[in-house]
Every structure is written in C-alpha cells, then in structure tokens.
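Novice: let me see the structure of the following:
(chains A, B, C and D)
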2 protein chains.
Amino acid sequence: MLSKKSQYAFKALTYLAIKYNEGPVLISEISKKKKIPLKFLENILLELKKAGMLDSKKGKGGGYFLKKDPSKIKVANVIRLVNGPIAMLPCVSLYFYERCKNCDEKRCGLHDMMIEVRDASLNILENRTLKDLLV
Amino acid sequence: MLSKKSQYAFKALTYLAIKYNEGPVLISEISKKKKIPLKFLENILLELKKAGMLDSKKGKGGGYFLKKDPSKIKVANVIRLVNGPIAMLPCVSLYFYERCKNCDEKRCGLHDMMIEVRDASLNILENRTLKDLLV
DNA sequence: TTAAAAGTCTATTAACTTGGTAGGATAATG
DNA sequence: CATTATCCTACCAAGTTAATAGACTTTTAA
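Specialist: Numbering: from 1, shown residues only, chains lettered A, B, ... in the order given. Model prediction:
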C-alpha cells in the first residue's frame, strides 16, 4: 500500500501540474487547498525538489513549481521516490534489488510469479504521467 | 512489499504442498528445512489454520497439513490473509476498502489508474495457486 | 536597509507495525 | 499417565510513519 506521504505527494504534484507555467505556488496554498499538514508537506516538497522533480523560489512571490512538463513526470518514478519499491519482493525489484536468503532465484515459483506481477504493474505505471492523473 | 511473515508463509505452504497427502508435518521440521524461526512459524501456521487454509493434529504423530488440494489454494488469498490488501490504495481495494478523505473517487485520476494496477495484479494472483509455485 | 515573506534545515515525538521470544495450557497418543 | 506437539496469551525491541517545533537563510520590495 502507498503511504500517506505518497498520497500527499500525488495530491501536491497534481495541484502543481494544474498550475504549471503559472509561476511559484505557496506551500501554504497547497496545504490549505489539498488539506495536507503544512509542515509535513514542507518535508515532502523539499524531498521532491532534492530529487530534481520540483524547483522553488524563496522570498516574496516564491513557492514551488514543477521543473518539467507534467507529461514528462512518470508515475512510477514518483512512487519509487516517495514510497520505495514497486515490486512485491526485493528479489524482483529493478531499482531496489536484494538477493533472497535461503532461496535459489533460479528455482523459485514465487519469484517467477512476482516478476510477472511487477511487469504487469510497471506496464501501467511507467506509461502514465502526472498529466494523465488530471481528470 | 510483502512482509517477511508473508514470505515465511509461502515457504511453509509450498513445503506442505509438496507433502500433501503424506500426513501431518511437524512445525519443527518446516522450521528447520525452511529456516524459519520456530516460534514465529507457530504463529503463522496457527493463523493460517484459523483462516481454514490448514488443519492440524496434536500429540504424537501430529503436525500441520493443507486442508485443501494445493491447486485449490489461490495465491491472492494467501497474500490477503497474511499480508493484507493487494491494491495500492484503500479506496481501490476489493477486500479492504476504505473511502478516501477529501477526495472524490468519481474524479480522481490516481484512483482510476490504481484500479487498473490492481486488476493487472489480480489477473495473475487470482489465477495462480500453491501448485503453480512448485517448480 | 530593513522588515516581511517564504523556503531550508535539524531534531524530536507519538503511534503503530514488524519480527521475534517466553512460557504455560491443552489435547492426543500409546 | 507421561510424552509429544499444537494452542494461546503476553510481551518486547527495533524500525517506520506521520506529524510537529523552532530556528535559519534567502529574496523581495517598501
């Protein structure tokens, strides 16, 4: 399951996507409109900025804004950034891979099946962007 | 991600699947062969029994065994039982549904996409059984 | 040039979950 | 009735999640 943090991140990002090219948006505005605890949102946005997804401006007239076009920001990347692995097992994760203990990946039915699940999910998540989330 | 508990559960269940119809299997045997902490495994097997997936016999010659044929036990059900929801959001979960706060499901792009992801995963997990995990 | 605006940073906290342990109660067998 | 093995209740340590607090820095504009 996605953490609350991830859900907040998506709400904030889609809000910024709608206001793309309208200049910086205040944290406090996003917080109020999307009902996200202000200080928690601060942390999230800062993290997204450090990851290169957002940029910001300080001082009066400042705020946060998307660094790239909403159609260039993949949902899969947002999830990996804020939530972590998409796969159900570390041993089938592409970006967070860890070998299984006491388990031969070559002969593990669970492993094989979880690769299928991963690919089925990625087939969707890698091909959708923030833009697709705007209804 | 699946918890360690879930991974242990799958290891134990596949072990029992191999020994299906060979009578009760000791917790201690599973623990040793599959390298699962004994007391932790006790809890897991008991839980699986209460859920009707396993049955057990006490005393000498006792142990645990699958209640149904391995081909009748769906992977999806094992995950729901031990790990919880398969969906990435409560608002798109079939068995653990919870309404979103401050979010209209009718007009939420994330919601719609997560339904797709859920269905893609379930399409696999609902159609595989313990038997399919034996390589 | 200085005050206000707004993001940045560090740290702390409470609640919950996870992984695991301890020890006795209960039931079946021979 | 002693042995075997599951059943049950409780507990604990470590880690994660969600959130808060407060001081600091940068920018802008009066």
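Novice: and stretch A:69-80, end to end?
Specialist: Counting by C-alpha to C-alpha, to the nearest Å, you get 19 Å between the two ends of stretch A:69-80.
Novice: mind listing what's buried along it?
Specialist: Across stretch A:69-80, burial judged by 16 or more other C-beta atoms under 10 Å in any protein chain shown covers A:70, A:73-76, A:78-80. C-beta here means a position set from N, CA and C on the backbone, and glycine is covered the same way.
Novice: let's have those in JSON lines, adding pLDDT, distance to DNA strand C and secondary structure.
Specialist: As requested, the buried residues of stretch A:69-80 are exported to JSON lines (pLDDT from 0 to 100; distance: C-beta to the nearest atom of the strand, whole Å; DSSP: H, G, I helix; E, B strand; the rest coil):
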{"residue": "A:70", "pLDDT": "97", "distance to DNA strand C": "19", "secondary structure": "helix"}
{"residue": "A:73", "pLDDT": "98", "distance to DNA strand C": "18", "secondary structure": "coil"}
{"residue": "A:74", "pLDDT": "98", "distance to DNA strand C": "22", "secondary structure": "strand"}
{"residue": "A:75", "pLDDT": "98", "distance to DNA strand C": "23", "secondary structure": "helix"}
{"residue": "A:76", "pLDDT": "98", "distance to DNA strand C": "23", "secondary structure": "helix"}
{"residue": "A:78", "pLDDT": "98", "distance to DNA strand C": "17", "secondary structure": "helix"}
{"residue": "A:79", "pLDDT": "98", "distance to DNA strand C": "18", "secondary structure": "helix"}
{"residue": "A:80", "pLDDT": "97", "distance to DNA strand C": "20", "secondary structure": "helix"}
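Novice: spatially, which two of the residues you listed are the most separated?
Specialist: A:70 and A:80 (17.7 Å; C-beta to C-beta).
Novice: what does the model give residue A:135 for pLDDT?
Specialist: Predicted confidence (pLDDT) for residue A:135: 80.
Novice: next, count neighbours for it.
Specialist: Close neighbours of residue A:135, defined as other C-beta atoms under 10 Å in any protein chain shown, add up to 12.
Novice: what's the answer for residue A:118, then?
Specialist: That count, for residue A:118 with other C-beta under 10 Å as the rule, works out to 20.
Novice: the host helix or strand of it vs chain B: in contact?
Specialist: Assigned by DSSP states H and E, residue A:118 belongs to helix A:109-125. Yes: interface with chain B: helix A:109-125 contributes A:109-110, A:112-113, A:116-117, A:120-121, A:123-125 (C-beta under 8 Å from any C-beta of the partner chain).
Novice: from those, list the buried ones, please.
Specialist: For these, buried by 16+ other C-beta under 10 Å: A:109-110, A:113, A:116-117, A:120-121, A:124-125.
Novice: show me what contacts the most centrally placed residue in chain A?
Specialist: Note on chain A: the residue nearest the mean C-alpha position is residue A:78, at 1.7 Å, using C-alpha atoms, centre = their mean. Taking C-beta atoms under 8 Å, 6 or more residues apart in numbering or on different chains as the criterion, residue A:78 is in contact with A:6, A:9-10, A:13, A:53, A:130.
Novice: ok, these vs DNA strand D, which is closest?
Specialist: residue A:6 (7.2 Å; C-beta to the nearest atom of the strand).
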